[in-house]
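Student: Curious how this folds, go ahead:
(2 chains, ligands or ions: 3)
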Amino acid sequence: MTHILLRHRDIPTIKNIEVYKQNGGFESLKKVVTSLQPQQIIDEVKASGLRGRGGAGFPTGVKWSFLPTNIWPHYVVCNADESEPGTFKDREIMENNPFQLLEGVAISCYAVGAAEGYIYLRGEFQPIRDFLDECILQMEKAGFLGDNLFGTGYSLRLKTHLGAGAYICGEETALLESIEGKRGQPRVRPPFPAVVGLFDKPTVINNVETLTNLPAIIEKGAAWYKSLGTEKSPGVKIFSLSGNVNRPGNYELPLGTTFRELIYTCGAGLSEGRELKAIMPAGASSSIIRVDETNFDKVMDIAMDYENVQSVGSLLGSASVIVIDDSHDMDWVINKTVHFFKHESCGKCTPCRDGNYWMLHLVERIHHGEGTKADLELLHSVAAQVNGKCLCALGDFSTMAVTSALERFPEDFATKVKA
Amino acid sequence: MSLAEKYPDEVKAILAKYPIQRSAVMPLLYLSQRETGYISKESMSEIAAMLDLDITEVASIVGFYTLYHDEKAGKYRMQVCTDLPCALRGADQFLDALCQNLGIKVGETTPDGLVTLESVMCLAGCDKAPMFQVQEGDKITYHENMTVDKTLELIQALQAGEKDAAQ
Ligand SMILES: Cc1cc2nc3c(=O)[nH]c(=O)nc-3n(C[C@H](O)[C@H](O)[C@H](O)COP(=O)(O)O)c2cc1C
Ligand code: SF4
Ligand code: FES
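Tutor: Ligands and ions are numbered 1, 2, ... in the order given. Okay, here's the model as predicted:
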């Protein structure tokens, strides 16, 4: 199969603007700007069934249609914060196929009537930011950005903004705060960013991978896109595969591909002599899927899409699939995830800030063999009290691994605690 | 020297980039960190004055984001990812071995004052563990699929480069 998003794997020099152009680059942008009305693009993207690749899977075209047409200017913000543990797909797109992303950003700007788009990158991506700045300059010189594009009255500018190390800035309202020069702490909703977003104006926020789909959807049409993937989850997805597999990496596959194909065919399975014990399909924010001899085939045959992963008690999220083998215990795994969330909690709301403080205390004690059975119950109860009571989804995320590990791997904990 | 004197063109470009003044704070902080690897109180005051902010507000932004520093450390901050996916591929053992070889603990700096060793969260390089980034001023470089030997060689090269520069 040829790649739709990771096109550099078929055309290695596609990050060169001339090569990108020779391969149909910017034709979609030209088509929309010179021959389509914004509403027609929104309708096409709706019809394609494209869903957000940043984690929540919200239909992209529907999101765009929420912007009020009586408040201006509008902004598009591309979320390139990519900080979920286990996720490294947006980085590969930006490093190797930057113009397809930038063309996608430009198409989305035109679709929602934005004259300015921002790309927010995590601070660690400073070299990628420099590279994108260079690509933007090349597009300006070639007439694909700037004033009066393709001789029309439409003008567009793209700008990058560099974060500085904070997972929470991937949360869309924290991200907006960060561009506005504040600490990255989520906003209370409503109002939603579609109405009061960047600089208090209507704003669309989409993930890098989501936007990179757009040139292909415009070129080949919604029906073509819908023919890939599954009925409710159309299209292709980049799965970031990490952990205990022989060939970790990014794999672009139709949504609905099975765990078996990703882990055993793409990832070449686990090391000799090791058994698959657990899968975290949405990075550190996952409910942990237990795999053992009683359910191995059932789990392996699950179609990885936004609906089916739920049938084994988890979510697809950003499709950052972390594979864990039988040499690891779950008290160690959740010690890692809780450390992460405790560190990344922005501190704005009490359940998340204090809950993670207490969860960290408890998992540390349990992991070091100093916990009791009562500590296990307390940990479970703290997680239950954090879940659903926070200002943003980070609070919920922090409890997923903890609760599922305690419930699904009781034997890993029973041997660690005193009576 | 103030930022405005030292980097007049860059400061001007940053201030012109955004529709609101305050958005300039993050790029200005990076600029401030470029040469010394940390942001001084004086620099925070200057940025606060430029953007019409309170200095405590600027300081709270410095405190919030992990890539800004308000204290001097080694010229190179070597930040090893020990988050879950990397740890599944031996990142903790890698960091331990590095500490042993360098004779320092996590958070400490080599005796020559050059390299500060740190442990950080996921850097989006999980398939290439063990991996780390080196932060130097406002620049970052990734080093992936690393071994302890390769890392020690890198540190030696940094030390040698430093000696050359001094001569
Ligand atoms: C704590 C937290 C971290 C997030 N991190 C990211 C991220 O790094 N990248 C991303 O695209 N979305 C991230 N999201 C989701 C965004 O808030 C938002 O839903 C997404 O960017 C929307 O784009 P999409 O519709 O194209 O998926 C995060 C959400 C939360 C709650
Ligand atoms: S849930 Fe956590 S990260 Fe989100 S706003 Fe509250 S404290 Fe901040
Ligand atoms: S866990 Fe180390 S880079 Fe992602």
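Student: Can you classify A:Y118 by secondary structure?
Tutor: strand (DSSP: H, G, I helix; E, B strand; the rest coil).
Student: For residue 50, which residues are in contact?
Tutor: I'll assume chain A. By Cβ atoms under 8 Å, 6 or more residues apart in numbering or on different chains, the contact list for A:L50 reads A:59-61, A:210, A:213, A:217, A:225, A:234-235. C-beta here means a position set from N, CA and C on the backbone, and glycine is covered the same way.
Student: was after chain B, sorry
Tutor: When contacts are counted by Cβ under 8 Å, 6+ apart, B:M50 touches B:4, B:11, B:15, B:24, B:28.
Student: Include neighbour count and pLDDT when you put these into CSV, please.
Tutor: Conversion of the contacts of B:M50 to CSV gives the following (neighbours: other Cβ atoms under 10 Å in any protein chain shown; pLDDT from 0 to 100):
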residue, neighbour count, pLDDT
B:A4, 16, 94
B:V11, 21, 97
B:L15, 16, 97
B:A24, 21, 98
B:L28, 26, 98
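Student: any idea of the mean pLDDT in stretch B:57-76?
Tutor: The predicted model assigns stretch B:57-76 a mean pLDDT of 97.
Student: Buried residues of it, list them for me.
Tutor: By neighbour count on 16 or more other Cβ atoms under 10 Å in any protein chain shown, the buried set for stretch B:57-76 is B:57-59, B:61-62, B:64-69, B:73-76.
Student: cool, and stretch B:113-127?
Tutor: For stretch B:113-127, burial by neighbour count (16+ other Cβ under 10 Å) applies to B:114-127.
Student: do the same with stretch B:152-167
Tutor: B:154-155, B:158.
Student: re earlier: now the two most distant members of the contacts of B:M50.
Tutor: Spanning the widest gap among these are B:A4 and B:A24, at 12.1 Å by Cβ to Cβ.
Student: which element is the residue lying closest to A:M359 once chain neighbours are set aside on?
Tutor: For A:M359, ignoring the flanking residues on the chain, the nearest one in space by Cβ to Cβ, 6 or more residues apart in numbering or on different chains is A:V338 at 5.0 Å. Taking DSSP states H and E as the criterion, the element that holds A:V338 is helix A:330-344.
Student: C-terminal to that helix, what's the next element?
Tutor: Reading on from helix A:330-344 to the C-terminus, the next helix or strand found by DSSP H and E is helix A:350-367.
Student: okay, the angle between that next one and helix A:330-344?
Tutor: 150 degrees (axes from the mean of the first three to the mean of the last three Cα atoms, to 10 degrees).
Student: Quick check: mean pLDDT of the helix or strand that comes right after helix A:350-367?
Tutor: Scanning the chain past helix A:350-367 towards its C-terminal end, the next helix or strand to appear is helix A:373-386 (assignment: DSSP H and E). Averaged across helix A:373-386, the pLDDT comes to 97.
Student: so, in contact with ligand 2 or not, helix A:373-386?
Tutor: No. Where contact is defined by Cβ under 6 Å from any ligand atom, no part of helix A:373-386 touches ligand 2; the two come within 8.3 Å at best.
Student: any idea how far the residue nearest to B:T116 when sequence neighbours are not counted is from B:L117?
Tutor: In space, and not counting its chain neighbours, B:T116 is closest to B:G74: 3.7 Å by Cβ to Cβ, 6+ apart. According to Cβ to Cβ, to the nearest Å, B:G74 stands 8 Å off from B:L117.
Student: what touches both of those two?
Tutor: B:109-110.
Student: can you pull out the strands in the chain?
Tutor: The chain I'm using is chain A. In chain order, chain A shows strands spanning A:74-80, A:114-121, A:157-162, A:203-207, A:236-243, A:249-254, A:276-280, A:289-290, A:320-325, with DSSP state E as the criterion.
Student: I was after chain B.
Tutor: Taking DSSP E as the test, the strands found in chain B are B:76-81, B:115-120, B:132-136, B:139-143.
Student: who's in contact with A:S242?
Tutor: Going by Cβ under 8 Å, 6+ apart, the list of residues near A:S242 reads A:86, A:88, A:248, A:320-323, B:85, B:88-89, B:126-127, B:129.
Student: what does the stretch 301-419 of chain A have sitting close to ligand 2?
Tutor: Taking Cβ under 6 Å from any ligand atom as the criterion, the neighbours of ligand 2 within the stretch 301-419 of chain A are A:345-349, A:352-353, A:390-392, A:394-395.
Student: From the rest of the structure, what touches the helix holding A:V338?
Tutor: A:85, A:166-168, A:278, A:284, A:288, A:324, A:356-357, A:359-360, A:363-364, A:366-367, A:394, A:397-398, A:401-402, A:405, A:409, A:412-413, A:416, B:83-84, B:87, B:121-122.
Student: can you list the buried residues of stretch B:113-127 in a markdown table and add pLDDT?
Tutor: Formatted as a markdown table, these follow (pLDDT from 0 to 100):
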| residue | pLDDT |
| --- | --- |
| B:L114 | 96 |
| B:V115 | 97 |
| B:T116 | 98 |
| B:L117 | 98 |
| B:E118 | 98 |
| B:S119 | 98 |
| B:V120 | 98 |
| B:M121 | 98 |
| B:C122 | 98 |
| B:L123 | 98 |
| B:A124 | 98 |
| B:G125 | 98 |
| B:C126 | 98 |
| B:D127 | 98 |
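Student: Among those residues, which ones lie close to ligand 3?
Tutor: Okay, of these touching ligand 3 (Cβ under 6 Å from any ligand atom), that's B:122-126.
Student: In the stretch 151-300 of chain A, which residue sits closest to ligand 2?
Tutor: Nearest to ligand 2 in the stretch 151-300 of chain A, going by Cβ to the nearest ligand atom, is A:P186, at a distance of 4.3 Å.
Student: Tell me how far that residue lies from B:T66.
Tutor: For A:P186, the distance to B:T66 under the criterion Cβ to Cβ works out to 18 Å.
Student: Run a quick neighbour tally on the closest residue in space to A:A401 that isn't next to it in sequence.
Tutor: With Cβ to Cβ, 6+ apart as the measure, A:T337 is the residue that lies nearest to A:A401, at 4.3 Å, once sequence neighbours are left out. A:T337 sits with 27 neighbouring residues when counted by other Cβ atoms under 10 Å in any protein chain shown.
Student: And A:D329, by the same measure?
Tutor: Close neighbours of A:D329, defined as other Cβ under 10 Å, add up to 19.
Student: ok, it - contacts?
Tutor: With contacts defined as Cβ under 8 Å, 6+ apart, A:D329 is in contact with A:412, A:416.
Student: residue nearest the centroid of the chain?
Tutor: You didn't pick a chain, so chain A it is. Nearest to the centroid of the C-alpha atoms of chain A, with distances taken as Cα atoms, centre = their mean, sits A:G54, at 2.8 Å.
Student: looking at chain B here, not the other one
Tutor: Averaging the C-alpha coordinates of chain B gives a centre point, and the residue nearest to it by Cα atoms, centre = their mean is B:Q135 (3.5 Å).
Student: For the nearest residue to it once chain neighbours are set aside, name its beta-bridge partners.
Tutor: By the measure of Cβ to Cβ, 6+ apart, the closest residue to B:Q135 outside its immediate chain neighbours is B:R77, 4.3 Å from it. When bridges are taken as DSSP bridges, the partners of B:R77 come out as B:T116, B:Q135.
Student: was I right about B:R77 contacting B:V120?
Tutor: No. Assessed by Cβ atoms under 8 Å, B:R77 is found out of contact with B:V120, at 9.3 Å.
Student: okay, the contacts of A:L50 in CSV with pLDDT next?
Tutor: Shown next, in CSV, are the contacts of A:L50 (pLDDT from 0 to 100):
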residue, pLDDT
A:P59, 97
A:T60, 98
A:G61, 98
A:T210, 98
A:N213, 98
A:I217, 98
A:Y225, 97
A:P234, 97
A:G235, 97
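Student: wait, which of those residues is closest to ligand 3?
Tutor: Nearest to ligand 3 out of the contacts of A:L50 is A:T210 (Cβ to the nearest ligand atom; 21.1 Å).
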